[in-house]
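Trainee: Sequence and predicted structure are below.
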Amino acid sequence: MSTTMMTPMPLEGGFPQSLQPFPLGDSDNPFLLRKSRSRGKHLLVASVASLTAMCLLAVIIFHGYVAWMLAFPYVAPLSSNPQAAIGLDYEDVVFPSKSGNTTVSGWFIPADTEAVASAPSARTVVFSHGYGANREESWVPMYELSKLLHGLNYNILLFDYGYASKEYKAPATGGLEESQQLLAAVDYAKSRGAEDIVVWGFSMGAGTALQAALQTDEIDAMILDSLFIPSSEALFENLNQFVSLPQFSLPLIETMIPLWTGTSFGSIPASEVISNVYDIPLFIIHGTNDVKAPYKTAETIAEGQGNVLSRSWIVQDGKHELLFQVHPSEYIQRAALFLSQVDQQLQAERI
């Protein structure tokens, strides 16, 4: 009889892999398979969430950048001055805005009193330049108009809005703070002896002039060229001329603008500016081919005025702020006639 010796098998580790009755690979282990699938699902969810967050962040950054560009548009530096450009003596002037929140700098050009053999002129034109430009606004062209007015015995005040200033930078606010800067310019003209003040505005500078006229009786007349009234819709239409934006971009940009400016587009009195009947004479000049500011808005404002001297000149096929360049003679004749009639009316009121 033979005897077989059995070696005891340790039980802690279970069956060795080689002795498993039904060997299982990792891929066939239900527990490990479920764990692997769960880990894969979590990784997929995490990846999608991360990608979504990155896309949302990119959208926010993009619209924040657009809002910043609107608040601080690029404006070329001043390239000349009235003496160098048109041979007129001028003074550098600086004064605080009406609100006291910003500082305004500009040029004061005294009237040509020697040419008319009279005392210092009591008539002043305050120019109100457009968005994205400075007091020179060469395409208008501001210097040529200044030379014309100087010959008509007007003092002239040209100044930079805060967003165009290099020394006293301030964000663009759609006319809210700009109207305070314009009101300060009017006050400065009064301090220099002006009794009659005409504001001559271009584009958003014309819209700002209307905002200012809601707040003061010191403006006697206005010439408004290519009138632009800032609003959410106008903002969106102008942006889409440079880059195509989806509809949801507008509320995002509106939300972010106050981060840079401290003001919102909802604070701009656009509807009041359009519907108001101004006591003073308005000469509204606009082109039918103006893609930045619809001429229908200008027509609506002009038709609602009651002053006997108020009028409009709607230029067929005219483009934004290029009306003088295309029709210089007629432009000057119409503007000079309006100024002459305003002067006569103001003189008659003093008698």
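Mentor: Now that the structure is in, tell me what you want to look at. Numbers count the residues shown, from 1 in each chain.
Trainee: which residue sits closest to residue 273 in space, ignoring its chain neighbours?
Mentor: Nearest residue to residue 273, sequence neighbours excluded (Cβ to Cβ, 6 or more residues apart in numbering): residue 210, at 4.6 Å. Where you see a C-beta, it was placed from the backbone N, CA and C, and this is true even at glycine.
Trainee: How far off centre is the helix or strand hosting that neighbour?
Mentor: Per DSSP states H and E, residue 210 falls inside helix 204-213. The chain centroid and the centroid of helix 204-213 are separated by 13 Å under Cα atoms, centre = their mean, to the nearest Å.
Trainee: Equivalent analysis for stretch 247-260, please.
Mentor: On Cα atoms, centre = their mean, the centre of stretch 247-260 falls 13 Å from the chain's centre.
Trainee: and it, what's its mean pLDDT?
Mentor: For stretch 247-260, mean pLDDT is 90.
Trainee: Just the buried positions in that stretch, please.
Mentor: For stretch 247-260, the neighbour count (16 or more other Cβ atoms under 10 Å) marks 249, 250, 252, 253, 254, 256, 257, 258, 260 as buried.
Trainee: can you check stretch 202-211 too?
Mentor: In stretch 202-211, counting by 16+ other Cβ under 10 Å, buried: 202, 203, 204, 205, 206, 207, 208, 209, 210, 211.
Trainee: closest to residue 266 among these?
Mentor: Closest approach between the buried residues of stretch 202-211 and residue 266, by Cβ to Cβ: residue 211, at 14.5 Å.
Trainee: Okay, the closest one and residue 261: tell me how far apart.
Mentor: 15 Å (Cβ to Cβ, to the nearest Å).
Trainee: likewise residue 172?
Mentor: 7 Å.
Trainee: which one of the two has more residues nearby?
Mentor: Shown here are residue 172 and residue 261; by other Cβ atoms under 10 Å, residue 172 has more neighbours (26 against 23).
Trainee: what secondary structure does the residue nearest to that one when sequence neighbours are not counted sit in?
Mentor: In space, residue 172 comes closest to residue 163 once its chain neighbours are excluded; the distance is 4.0 Å by Cβ to Cβ, 6+ apart. When classified by DSSP: H, G, I helix; E, B strand; the rest coil, residue 163 comes out as helix.
Trainee: hang on, residue 163 packs against residue 73?
Mentor: Yes. With contact defined as Cβ atoms under 8 Å, residue 163 counts as touching residue 73 (6.0 Å).
Trainee: joint contacts of those two?
Mentor: Contact criterion Cβ atoms under 8 Å, 6 or more residues apart in numbering; residues shared by residue 163 and residue 73: 131, 172.
Trainee: Need the residues that contact stretch 188-199.
Mentor: For stretch 188-199, using Cβ under 8 Å, 6+ apart, the contacting residues are 93, 95, 108, 120, 122-126, 128, 154-155, 157, 182, 186, 209, 212-213, 218-223, 339, 342-343, 346.
Trainee: rewinding a little: between the buried residues of stretch 247-260, which is nearest residue 230?
Mentor: Nearest member of those to residue 230, counting by Cβ to Cβ, is residue 257, at 11.0 Å.
Trainee: got a list of what that closest one touches?
Mentor: Counting by Cβ under 8 Å, 6+ apart, residue 257 has contacts 67, 70, 71, 263, 264, 265.
Trainee: tell me which element residue 158 is part of?
Mentor: Judged by DSSP H and E, residue 158 forms part of strand 155-159.
Trainee: quick one: strands adjacent to that strand?
Mentor: Counting by DSSP bridges, the strands paired with strand 155-159 are strand 103-109 (antiparallel), strand 123-128 (parallel).
Trainee: now those as a markdown table including distance to residue 326?
Mentor: A markdown table is the format used below for those (distance: least, Cβ to Cβ, whole Å):
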| stretch | distance to residue 326 |
| --- | --- |
| strand 103-109 | 26 |
| strand 123-128 | 20 |
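Trainee: Among those, pick out the one with the most neighbours on average.
Mentor: With neighbours defined as mean count of other Cβ atoms under 10 Å, these peak in mean count at strand 123-128, which reaches a mean of 26.
Trainee: could you give me the average pLDDT of whichever helix or strand comes after that strand?
Mentor: Where DSSP H and E defines the elements, the next helix or strand beyond strand 123-128 is helix 142-151. What helix 142-151 shows for mean pLDDT is 96.
Trainee: Over to stretch 120-128?
Mentor: 96.
Trainee: Inside strands: which ones of the buried residues of stretch 247-260?
Mentor: Of the buried residues of stretch 247-260, none are assigned to strands by DSSP state E.
Trainee: burial count for residue 347?
Mentor: Neighbours of residue 347 (other Cβ under 10 Å): 10.
Trainee: Please report the distance of it from residue 195.
Mentor: With Cβ to Cβ as the criterion, residue 347 and residue 195 are 10 Å apart.
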